[in-house]
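Novice: Here is my input; please provide its structure:
(chains A and B)
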Amino acid sequence: MLYIKCPHCGMRPQTEFSYGGDATVKRPELNKEISDHEWDNFVYNRKSLRGKHLELWQHISGCRQWIKVERDTATHEIFKTFKADEDVA
Amino acid sequence: MESLPKKAKVVIIGGGGHGLATAYYLAKEHNITNVAIIEKGWIGGGNVGRNTTIIRSNYMHDDNGLFSEFGMDLWRKMSQDLNYNVMFSPRGIINLAHSDAQMNVYARRGNSMRLNGIDAELLNREQVKEIIPMADFSENVRFPIFGGLMQPSAGTARHDAVAWGYARQADSMGVDIIQNCEVTGFDINNGKINGVRTSRGDIKVKKIGLCVAGSTNILAEKLNMTLPIETHLLQACVSEPVKPVLDRVVTFGAGHFYISQSDKGEMVMGGDLDGYNSYAQRGNLPTLQHVLTEGIAMMPFLSKLKMLRTWGGIMDMSMDGSPIIDKTHIDGLYLNCGWCYGGFKATPASGWTFAHTIAQDRVHKLNAGYSLNRFNTGHLLDEKGLGTKTWIS
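Specialist: Below is the predicted model:
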């Protein structure tokens, strides 16, 4: 069981959360002319790093907020959690 | 320890089922025997030794159906072909349906399968009950069994034997299998492969085939490629051995759970991904509990069994749930990845078509649908519309 510290609610078990994938992926700017390749990168292509990985989780059985979690994908160690709009240093 | 060759005609990275099969078919079908397989761990130590041994071709889409059915032919001949008993057991697979709508969907898939020459039978509730009476046919269940879709020619095989059989035959034809050897980098010159760097030295080579399942993203990073793949963890488990009770492979239709009984009597089970990016090769209990809850809903007697072993493997989850066997933008670099839940059954067809793609430097019509650029062009192969986003099921 992973324990994730929700920045709003505190430490909770993983079963309260739903996973949302890579948090570093940025949607292309609205109304900007973009290539198929850029769109492809946003929708499909992922680095899927081994090691430190910044990812989105939703506290679906809690406050229902989206949060960012910095987790090691090989050891599952969770380094830090952030609010969705918080800047990651 | 095997010595590292200075050069080779083809280097296959990854000594799992797909890599070993690719080397075997390069030698057998294309007379290319100057092949080196580079394996970081030991052969057959990855997903070919961690799966639930299910073999099937019950797909609706032509690209998946024709590819997999070609594979079924190779499975039927495999023990003779490799002179190694892979214990292929065509016991049939039943996908259970739990609503009228699901019966309609299965009827459609069954018809598509038959049009592609794959055997399919739509079973009603009574017919299913005759075959698997131990499933829950009582009243007042949350997911009543309405019927199912059966592919009688599907089945199981001894997964380790598949790796050993391919390895032995490839080795006897001159393929070098180098274990405990990690790829550390690539020599690329003007967009062309020139060689591969490993923890035990460099190899000069013009053609490299990547067959590394859950480690694809790690090697892609060394190649400055970003792929439509996320690496996830999938668990499986076996119960204590019991007397013969189940002579088919059965899947639950209201969730993700599959079960068969091994020759030793263990119930072999699996289901959902853990659900978040992982390279851990070991599982987490909440997912196992979720999967086994589905199992018990389907076959209540499972709750009485003790669990013997659980384990995990890391999967290449492609974004549309279908694999990639293709050339890349780098000349001489070939990609075989994205097998999601279904890599084991694809072993022979994957090896065969990948060997063709490498040897001829062009894809075979059987793997033309498994292109890398389909995500860019929009030609997704969305058999279930389910890639890495398992929660949308």
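
Novice: helix or strand right after the lowest-mean-pLDDT helix or strand in chain A?
Specialist: Ranked by mean pLDDT, DSSP states H and E, the helix or strand of chain A with the weakest confidence is helix A:36-43, at a mean of 91. From helix A:36-43 onward toward the C-terminus, using DSSP states H and E, the following helix or strand is strand A:52-58.

Novice: Go through that following strand and flag the buried ones.
Specialist: A:53, A:54, A:55, A:56, A:57, A:58 (16 or more other C-beta atoms under 10 Å in any protein chain shown). In this view, the C-beta of every residue, glycine as well, is placed from N, C-alpha and C.

Novice: from the middle of its chain, how far away would the least confident helix or strand of chain A be?
Specialist: Centroid displacement of helix A:36-43 relative to its chain, using C-alpha atoms, centre = their mean, to the nearest Å, is 19 Å.

Novice: which parts of chain A sit against chain B?
Specialist: Taking C-beta under 8 Å from any C-beta of the partner chain as the measure of proximity, chain A contacts chain B at A:1-2, A:13-15, A:18-19, A:21-22, A:36-37, A:40-41, A:43-50, A:53, A:55, A:57, A:71, A:73-76.

Novice: make it 7 Å
Specialist: Within chain A, the positions near chain B by C-beta under 7 Å from any C-beta of the partner chain are A:1-2, A:14-15, A:18-19, A:36-37, A:40-41, A:44-48, A:50, A:53, A:55, A:73-74, A:76.

Novice: Narrow the residues you listed to just the buried residues.
Specialist: Buried members of the residues of chain A next to chain B, counted by 16+ other C-beta under 10 Å: A:2, A:14, A:18-19, A:40-41, A:44-48, A:50, A:53, A:55, A:73-74, A:76.

Novice: can you map out the helices along chain B?
Specialist: Along chain B, counting by DSSP state H, helices occupy B:17-30, B:62-82, B:100-115, B:125-131, B:159-172, B:216-222, B:285-298, B:347-360, B:374-377.

Novice: How about residue B:357, nearest residue that isn't a chain neighbour?
Specialist: The shortest distance from residue B:357 to any non-neighbouring residue, by C-beta to C-beta, 6 or more residues apart in numbering or on different chains, is to residue B:363 (5.1 Å).

Novice: list the helices and strands the least confident helix or strand of chain A packs on?
Specialist: Here helix A:36-43 touches helix B:374-377, going by 3 or more C-beta pairs under 7 Å, 6 or more residues apart in numbering or on different chains; DSSP states H and E.

Novice: quick one, what contacts the residue lying closest to residue B:57 once chain neighbours are set aside?
Specialist: Leaving aside its sequence neighbours, residue B:57 sits nearest to residue B:68 (C-beta to C-beta, 6+ apart; 3.4 Å). For residue B:68, the contacting residues are B:57, B:59, B:345, B:346, B:349, by C-beta atoms under 7 Å, 6 or more residues apart in numbering or on different chains.

Novice: Please type out the ChimeraX selection for whichever of the residues you listed turn out to be buried.
Specialist: This is how ChimeraX selects the buried members of those, with burial counted by 16+ other C-beta under 10 Å:
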select /B:57,59,345,346,349
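
Novice: got the residues of the stretch 151-300 of chain B near chain A?
Specialist: Counting by C-beta under 7 Å from any C-beta, the residues of the stretch 151-300 of chain B near chain A are B:217-218, B:221, B:226-231, B:275-280, B:284-286.

Novice: again, 10 Å this time
Specialist: Residues of the stretch 151-300 of chain B lying close to chain A (C-beta under 10 Å from any C-beta of the partner chain) are B:214-218, B:220-221, B:225-233, B:273-282, B:284-287, B:289-290.

Novice: for stretch B:27-35, what is the average pLDDT?
Specialist: Averaging pLDDT along stretch B:27-35 gives 98.

Novice: Ok, stretch B:119-128 next?
Specialist: Stretch B:119-128 comes out at a mean pLDDT of 98.

Novice: Would you mark the buried spots in it?
Specialist: Applying 16+ other C-beta under 10 Å to stretch B:119-128 flags B:119, B:120, B:122, B:123, B:125, B:128 as buried.
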